[in-house]
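Trainee: give the three-dimensional model of this entry:
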Amino acid sequence: MSTHTGTTSTPAIRFSAVTFDCPDPAELARFYSDALGLPVTYSSDDFILLGQEGSPGMGFNRLAGYQRPTWPDPSYEKQAHLELGVDDLDAAQTRLMALGAVEPPAQPQPDRWRVLLDPAGHPFCITTLA
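Mentor: Just a heads-up that it's a prediction; the model follows:
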């Protein structure tokens, strides 16, 4: 809040990145870098950030004792997931699985979207662009 001008100002807040906990940041960053064509913008042993100048990024943070989500088993449910738009579900699924994604046994609406698991077990969806 600015009081010296007599007006209230709202601070600029913008989405910067989303960060995923994982056991191996390099492995997960490689998967998403290859899948989305994003370069590494920062790298350390415990954290890697992917992105493009001026756009939100994706971070990967090493977490000791990381537990994979168990979706669709609710014992250790997903907390969040990505939605990736694709032109062709079958072709995109084939490419992502070649990069290291895994198809879980449950597919709620496979004609409309597909659920895959990244190398650290995070569920994500691929959806056809309408």
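Trainee: next up, phi/psi of the most centrally placed residue in the chain, please.
Mentor: Taking Cα atoms, centre = their mean, the centroid of the chain lies closest to Leu82, which sits 5.1 Å from it. Note on Leu82: backbone dihedrals following degrees, to the nearest 10 are phi -90, psi 150.
Trainee: with the one 4 residues further on instead?
Mentor: Listed backbone geometry of Val86 is phi -140, psi 160, with angles given as degrees, to the nearest 10.
Trainee: so where do the strands sit in this protein?
Mentor: Using DSSP state E, the strands of the chain run over 17-22, 40-43, 47-50, 57-62, 82-86, 113-117, 123-128.
Trainee: in JSON lines, list these along with distance to Pro104 and mean pLDDT.
Mentor: Yep, even glycine has a C-beta here, placed from its N, CA and C like the rest. JSON lines is the format used below for the strands of the chain (distance: least, Cβ to Cβ, whole Å; pLDDT from 0 to 100):
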{"stretch": "strand 17-22", "distance to Pro104": "17", "mean pLDDT": "90"}
{"stretch": "strand 40-43", "distance to Pro104": "28", "mean pLDDT": "95"}
{"stretch": "strand 47-50", "distance to Pro104": "24", "mean pLDDT": "95"}
{"stretch": "strand 57-62", "distance to Pro104": "21", "mean pLDDT": "93"}
{"stretch": "strand 82-86", "distance to Pro104": "15", "mean pLDDT": "86"}
{"stretch": "strand 113-117", "distance to Pro104": "6", "mean pLDDT": "91"}
{"stretch": "strand 123-128", "distance to Pro104": "7", "mean pLDDT": "88"}
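Trainee: save the ones you listed as JSON lines, and put in distance to Arg95 too.
Mentor: Listed next are those as JSON lines, based on distance: least, Cβ to Cβ, whole Å:
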{"stretch": "strand 17-22", "distance to Arg95": "20"}
{"stretch": "strand 40-43", "distance to Arg95": "20"}
{"stretch": "strand 47-50", "distance to Arg95": "17"}
{"stretch": "strand 57-62", "distance to Arg95": "18"}
{"stretch": "strand 82-86", "distance to Arg95": "9"}
{"stretch": "strand 113-117", "distance to Arg95": "11"}
{"stretch": "strand 123-128", "distance to Arg95": "10"}
